[in-house]
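Novice: mind folding the following:
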Amino acid sequence: MNNVTGNIAAYLIKQCESKDFHIGAWLKSWDRAECLFNETIKTQCADIKKYRGRPYPSIEFKNGSTIQFRSFSRPNNLRGCSLNEIILDEWQDDETTATIINPTLARKSTKLLTMIRN
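Specialist: Numbering: from 1, shown residues only. Predicted structure coming up:
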């Protein structure tokens with residue numbers, strides 16, 4: 001684990017304190033998505049109701065909030081999500097943005113947070 005991953009995991013948990021808040025953590029690679037998923041469940045947050053690993057990792061909270069972890073290695077798996085917020089670990093190419101990210105953002109005024117890694 002690095003400090004950035006720990007901070008993102010803490011942010012995800014904090015966001016899910018709101019009832020029925022649905023957040024997508026969309027990362028560049030499956031390894032990054034799995035690392036963040038594992039770090040998030042290690043927080044031992046008492047509000048976690050259940051979690052599921054592969055093939056589509058997710059965490060469900062007692063208040064109905066969820067976190068979905070996905071990878072851009074299979075961008076079509078990102079379609080159709082109904083989310084309050086999306087976190088991208090890196091900005092994607094124009095085609096992915098136009099065909100997947102923008103329609104998801106428009107669906108329910110979804111917020112977008114992008115991370116820059118050095």
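Novice: could you measure from the most centrally placed residue in the chain over to residue 113?
Specialist: Central residue check for the chain by C-alpha atoms, centre = their mean: the C-alpha nearest the mean position is that of residue 25, 1.6 Å away. Using C-beta to C-beta, to the nearest Å, residue 25 is found at 10 Å from residue 113. For every residue, glycine as well, the C-beta is placed using N, CA and C.
Novice: got any residues that touch both of the two?
Specialist: Both residue 25 and residue 113 are contacted by residue 87, under the criterion C-beta atoms under 8 Å, 6 or more residues apart in numbering.
Novice: returning to what we had before: surely the residue nearest to the centre of the chain forms part of a helix?
Specialist: No: counting by DSSP: H, G, I helix; E, B strand; the rest coil, residue 25 is not found in a helix; it is strand.
Novice: which residue ranges of the chain form helices?
Specialist: 3-15, 30-41, 94-96, 102-107 (DSSP state H).
Novice: next, count neighbours for the closest residue to residue 115 other than its chain neighbours.
Specialist: Among residues not flanking residue 115 along the chain, residue 89 sits closest, at 5.0 Å (C-beta to C-beta, 6 or more residues apart in numbering). The number of residues packed near residue 89 is 22, by other C-beta atoms under 10 Å.
Novice: roughly how far apart are residue 89 and residue 98?
Specialist: Applying C-beta to C-beta to residue 89 and residue 98 gives a distance of 19 Å.
Novice: with residue 112 instead?
Specialist: 14 Å.
Novice: settle it for me: which of those two has more neighbours?
Specialist: Per other C-beta under 10 Å, whichever of residue 112 and residue 98 has more neighbours is residue 112, with 16 against 11.
Novice: what's near enough to touch that one?
Specialist: 85, 86, 88, 101, 105.
Novice: one more time with 6 Å, if that's ok
Specialist: For residue 112, the contact set (C-beta atoms under 6 Å, 6 or more residues apart in numbering) comprises 86, 105.
Novice: ends of stretch 53-72, what's the gap?
Specialist: One end of stretch 53-72 sits 17 Å from the other (C-alpha to C-alpha, to the nearest Å).
Novice: chain center to stretch 73-84, what's the gap?
Specialist: 10 Å (C-alpha atoms, centre = their mean, to the nearest Å).
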